[in-house]
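Trainee: Here is my input, please return the structure:
(one chain, ligands or ions: 1)
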Amino acid sequence: MNEMKDGKDPIDDKFLKDTTINLLAAGTDTISSGLTWFLWLVATHPFVEAKILEEIKENLPSREGNWKCLGIEGINKLVYLHAALCESLRLYPPVPFEHKSSLKPDVLPSGHKIKSNTMIVYSLYSIGRVEEIWGEDCLEFKPERWISKKGEIIHVPSYKFIAFNAGPRSCLGKEMSFIEMKMIIVAILLNYHIHVVEGQVVKPSISLILHMKHGLKVMVKKISI
Ligand code: HEM
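Mentor: Numbers count the residues shown, from 1 in each chain. Got it, this is the predicted structure:
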């Protein structure tokens, strides 16, 4: 990487180009998928929307202040919003399945024996909906399950909340994703009311990214807080 040729390092340029493309590719469709499912869930759960808005307004420095006044510190104080976002990513992980390969023979936690070079595909979508893991209400959108009695976020290990994958190859953009998504959500919810058009079929497409199969039709109305 540090080998210089004529004052220019071709390996360095390639590394920078690849890294930039990698970050753009990894952080574009994932964020848009995550935001679409989130906005749909919030628009169809008015109680959750009201609680998010209440929390944002409580944390705005002044009633006249707009969302930009919150800054990253303010955004990080929004416990209910964080909980709602985790809950949305649990039910609709933008990367719905993953694969790993074994270097040598191994035994899975389930007891299954595998040979070397076996590809194992696992569903992040399903892991977020297992009753033994998440409880009887696992299919319900309940941000409250992420909040302790003290009103703090409950830490959930990444092997359980697997939307960003777990282990050495987990998402490098996890923290950035939360900040980015929260800023966009706050900017949208403070300025617009989103009404989901009735009668449409909302379901995931089976692809590398969990897009909505038919997109999401909404009516957007400008509001002022
Ligand atoms: C809601 C948003 C996102 C979700 C759910 C998500 C999820 C994931 C998942 C599941 C992986 C593992 C992929 C694999 O092993 O094949 C991954 C890897 C990765 N993500 Fe994200 N991601 C998100 C946003 C971002 C953003 C915004 C960035 C960067 C700006 C980013 C950068 C990366 C990178 C660089 C990797 C590869 C890490 C490695 O292989 O060591 N991601 N992400």
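
Trainee: tell me which parts of this protein are close to the ligand?
Mentor: Within the chain, the residues that sit near the ligand (C-beta under 6 Å from any ligand atom) are 22-23, 26-27, 30-31, 34, 93-95, 98, 163-165, 169, 171-173, 176-177. Just so you know, the C-beta spots here come from the backbone N, C-alpha and C atoms, and that holds for glycine as well.

Trainee: Show me which of the residues you listed are buried.
Mentor: 27, 30-31, 34, 93-95, 98, 163-165, 171, 177 (16 or more other C-beta atoms under 10 Å).

Trainee: just the strands in the chain please.
Mentor: Across the chain, reading from the start of the chain, the strands by DSSP state E fall at 97-101, 106-107, 113-114, 119-123, 192-196, 218-222.

Trainee: Return the most buried member of those strands.
Mentor: The highest average neighbour count among the strands of the chain, using mean count of other C-beta atoms under 10 Å, belongs to strand 192-196 at a mean of 15.

Trainee: so what's residue 220 closest to, chain neighbours aside?
Mentor: The spatial neighbour of residue 220 that comes closest, neighbours along the chain excluded (C-beta to C-beta, 6 or more residues apart in numbering), is residue 192 at 5.0 Å.

Trainee: Who are the contact partners of residue 118?
Mentor: Residue 118 makes contacts with 101, 102, as judged by C-beta atoms under 8 Å, 6 or more residues apart in numbering.

Trainee: circling back to that earlier point, next, format the strands of the chain as TSV and append mean pLDDT.
Mentor: Output for those, formatted as TSV (pLDDT from 0 to 100):
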stretch	mean pLDDT
strand 97-101	93
strand 106-107	95
strand 113-114	96
strand 119-123	94
strand 192-196	96
strand 218-222	96
